[in-house]
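Below are the sequence and a predicted model; questions follow.
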Amino acid sequence: MPTDLIPALLREYGDVTRVALCDYLRPRAPHRHLYNLVADYPRRGGRMLRPSLCIATARAFGAKLEDAVRSAVALELLHNAFLVHDDVEDDSDVRRGRPTLHTLHGVPLAVNVGDALALLGLRALIDNQATLGPRLAVHVLQEAERMARESIEGQAVELGWRRDNALSLSDADYLEMVLKKTCWYTTIYPSRVGALIGTRSDRDLDKFIRFGFFLGAAFQLQDDLLNLQGDRARYGKELDGDIWEGKRTLMLISLLRDATPAERERLAGFLARERRERQPAEVGWVRERMEAYGCLDYARQVAHGLAGAAAHEGELLYSALPDSRDKRFIRELPTWVLARN
Amino acid sequence: MSTEERIKRPEPERTQPIRSWSTLFGAPEPGGKSLQDVVSRSVDLGYRVVDEYVRQGQRAAQRLGERSYRPENMVSDVQELTARLAQYASEFLGVWFELLELAASGSAARRMAAANGAPTGPAPPPAAPAREPSRPPRVRIEVASAQPAEVELDLRPEAAGAALVVHALRCADPATPRMTDVTLDLRSPDDPLTLRIRVPGDQPPGVYTGVILDERTSLTVGTVSVRITPGP
């Protein structure tokens, strides 16, 4: 069972990151059409899982907290840049309990704000030179470039599925997409950069891919489940939003596989339409069919398996390190990703 | 040939078996064997996916060979990487070239503000000619400190008229004691806000930062930063 350690460290490292983040979000002109909007998503809060994992990994390997703060800030800025663009691409209505940026201010301004957040993240990475020195700062920057590339490629895969109305996807297709789209920037990159800063060496970073993949995939599956079954007040996004958007979640892939030909045809017609053309009754029907075929239970079991593998890979990576709060935090994460609501 | 309509079988409702998790491995057995199988199968599939991904990466790395990180190569590496990251930025070319210049010159333009390592902010870009309609509220700052102290305050226009609270100021190093005697008061709507900071005599030198929140919405509307330097 997860203890109170995870919420405590998320709060502690989240606060440190938020304070440092303010330096990059200072009000300046043009206020109304750019910098006020740039600060919007970061100020809405969030769990701060990514920066906390980065800082905890660095500290578990012996780094000082301040060595990892700017990398954590960069990660949070890039994360928010992705969110702004994702919301436009998905035509999402709600983010962190409030209307999405593009619904408030229009697509052109929102896209520009996403660009600005990405570049502020880049600035934070370049500022790493002051604390890490040029060699290590370039390594971290190189990791960030790879992370951004992997995430964008993963996003392209998923958007392509939706545009082409892909109906015959496998679980392996889903996991490959999640590996690139979610795991890289949620868990693989924070782990690799934390280890890079903590050990001052880029040797053996590939072994963090396995741990990050299993942890990130379990995290994504739980997120997809919460989208269907979460507490509306706590979830912060639109419930059933993934169905409205036609997202190829494991539950939808499972339903497409299990449905009768007639149901599959109806589902294909639903998915072929634009989001704005879909009706609440159809969304309800998809949701009901997922329940009837056990798609949610199936996804939950897969998530449990992946979280177990993450725990195993985590032991291989971290068991030799001296005991610390940071090490315990990382070890508890696989359980926590499934328990969160 | 008979003119009677031939009897046909109805179209089957489905043409393949139902493969939901609950029936994938036959009827569930006591002890949840099928659940166990789903877990095992998903872990096995996960390892196959990630191992293939790592193998592909290793093959790509072998093709590309090792990059050199000698000092003379550093600037071009930074430029190449930042260029790739910035490809999808549209209206930030000014900032982008500024960043390139910083990286290329090797100057640590935004070094740590003090020895304790608190990060400084990015340099502000040139002011835009257009004036913004709203302004942040007026603020009076009162500091009681036996050591030299420099205060930096950023307030957003949304702070005007809001009930504000300021959190304890903290260093990047969590072991350093926080500065807790910090208040924001508004006596009347016509008076300026008053920011009062009392620095304890034994407060270690460093940069202490905290956020200012709108008490009603809990949104951040500003920051306050105090730099304590050792006395003469």
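Sure thing, it's come through. Numbering: from 1, shown residues only, chains lettered A, B, ... in the order given.

Please pull up the helix or strand immediately following the helix or strand bottoming out on mean pLDDT in chain B.
Taking mean pLDDT, DSSP states H and E as the measure, the helix or strand of chain B with the lowest value is helix B:93-105, at a mean of 38. Per DSSP states H and E, helix B:93-105 leads on to strand B:139-144 as the next helix or strand towards the C-terminus.

Relative to the very next helix or strand once past that next one, what are the paired strands and their orientations?
Downstream of strand B:139-144, the first helix or strand assigned by DSSP H and E is strand B:149-155. Sheet pairing of strand B:149-155 (DSSP bridges) gives strand B:220-228 (antiparallel).

got the angle for the partner strand vs strand B:139-144?
For strand B:220-228 against strand B:139-144, the angle by axes from the mean of the first three to the mean of the last three C-alpha atoms, to 10 degrees is 30 degrees.

And the pLDDT for residue B:78?
Residue B:78 is assigned 51 on the pLDDT scale.

ugh, typo on my part, it should be residue B:124
40.

Once you drop chain neighbours, what's closest to residue 211?
Chain wasn't specified; assuming chain A. Excluding its sequence neighbours, the residue lying closest to residue A:211 (C-beta to C-beta, 6 or more residues apart in numbering or on different chains) is residue A:313, at 4.0 Å. (C-beta placed from N, C-alpha, C; glycine too.)

other chain: chain B
Nearest non-adjacent residue to residue B:211 (C-beta to C-beta, 6+ apart): residue B:220, at 4.9 Å.

How about the contacts made by that neighbour?
Contacts for residue B:220 were tallied using C-beta atoms under 8 Å, 6 or more residues apart in numbering or on different chains; they are A:18, A:22, A:39, A:43, B:211-213.

My guess is residue A:151 contacts residue A:79. True?
No - Residue A:151 is beyond contact range of residue A:79, at 9.6 Å (criterion: C-beta atoms under 8 Å).

Mutual contacts of these two, please.
Common neighbours of residue A:151 and residue A:79 (C-beta under 8 Å, 6+ apart) are residue A:185.

hmm, back to that, tell me how many other residues crowd the residue nearest to residue A:211.
Other residues near residue A:313 come to 22 when the count uses other C-beta atoms under 10 Å in any protein chain shown.

ditto for residue A:206
Residue A:206: 14 surrounding residues under other C-beta under 10 Å.

Kindly report the same for residue A:13.
The number of residues packed near residue A:13 is 26, by other C-beta under 10 Å.

so what's it closest to, chain neighbours aside?
Nearest one to residue A:13, counting by C-beta to C-beta, 6+ apart, is residue A:52 at 4.0 Å.

who are the neighbours in contact with the one you found?
Residues near residue A:52 by C-beta under 8 Å, 6+ apart: A:9-10, A:13-14, A:17, A:72, A:329.

out of the residues you listed, who has the most neighbours?
Tallying neighbours with other C-beta under 10 Å puts residue A:72 at the head of the contacts of residue A:52, with 29 neighbours.

Name the nearest residue to that one, ignoring sequence neighbours.
The shortest distance from residue A:72 to any non-neighbouring residue, by C-beta to C-beta, 6+ apart, is to residue A:51 (3.4 Å).

Am I right that the one you found is in a helix?
Yes - assignment of residue A:51 by DSSP: H, G, I helix; E, B strand; the rest coil places it within a helix.

right, and it touches residue A:190 too?
Yes - Residue A:51 lies in contact with residue A:190 (C-beta under 8 Å); the separation is 7.4 Å.

neighbours around residue B:142, how many?
Residue B:142 is flanked by 12 other residues according to other C-beta under 10 Å.

pLDDT score for it?
According to the model, residue B:142 carries a pLDDT of 84.

Check residue A:17 too.
We have a pLDDT of 94 for residue A:17.

ok, longest helix in chain A?
What stands out as the longest helix in chain A, according to DSSP state H, is helix A:129-163.

hmm, I was thinking of chain B
Chain B, longest helix under DSSP H: helix B:33-64.

how big is the angle separating it from helix A:129-163?
Comparing the axes of helix B:33-64 and helix A:129-163 via the same axes, to 10 degrees yields an angle of 120 degrees.

Identify each buried residue in helix B:33-64, please.
For helix B:33-64, a neighbour-count test (16 or more other C-beta atoms under 10 Å in any protein chain shown) marks B:34-35, B:38-39, B:41-43, B:45-46, B:49-50, B:53 as buried.

now for these, which pair is the farthest apart?
Using C-beta to C-beta, these span at most 28.3 Å, a distance reached by B:34 and B:53.

so which of the contacts of residue A:52 comes closest to chain B?
residue A:13 (9.4 Å; C-beta to the nearest C-beta).

hang on, that closest one packs against residue A:57?
No - the pair residue A:13 and residue A:57 fails to qualify as a contact (C-beta under 8 Å) at a distance of 10.9 Å.

related to what we said a few turns ago, same for chain A: which of the buried residues of helix B:33-64 are within range?
Filtering the buried residues of helix B:33-64 for proximity to chain A (criterion: C-beta under 8 Å from any C-beta of the partner chain) leaves B:35, B:38-39, B:41-43, B:45-46, B:49-50, B:53.

and which of the residues you listed is nearest residue A:119?
residue B:53 (28.9 Å).

Tell me which residues touch the closest one, please.
Contacts for residue B:53 (C-beta under 8 Å, 6+ apart) come out as A:176, A:179, A:209, A:213.

Can you lay out those as a markdown table showing neighbour count, distance to chain B and secondary structure?
As requested, the contacts of residue B:53 are exported to a markdown table (neighbours: other C-beta atoms under 10 Å in any protein chain shown; distance: C-beta to the nearest C-beta, whole Å; DSSP: H, G, I helix; E, B strand; the rest coil):
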| residue | neighbour count | distance to chain B | secondary structure |
| --- | --- | --- | --- |
| A:176 | 17 | 6 | helix |
| A:179 | 24 | 6 | helix |
| A:209 | 22 | 6 | helix |
| A:213 | 30 | 5 | helix |
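
Out of these, which two sit at the greatest distance?
Largest separation among the contacts of residue B:53 by C-beta to C-beta: A:176 and A:209, giving 12.9 Å.

re the thing from before, from the ones next to chain A among the buried residues of helix B:33-64, which is closest to residue A:227?
For those, the nearest to residue A:227 is residue B:42 (19.4 Å; C-beta to C-beta).
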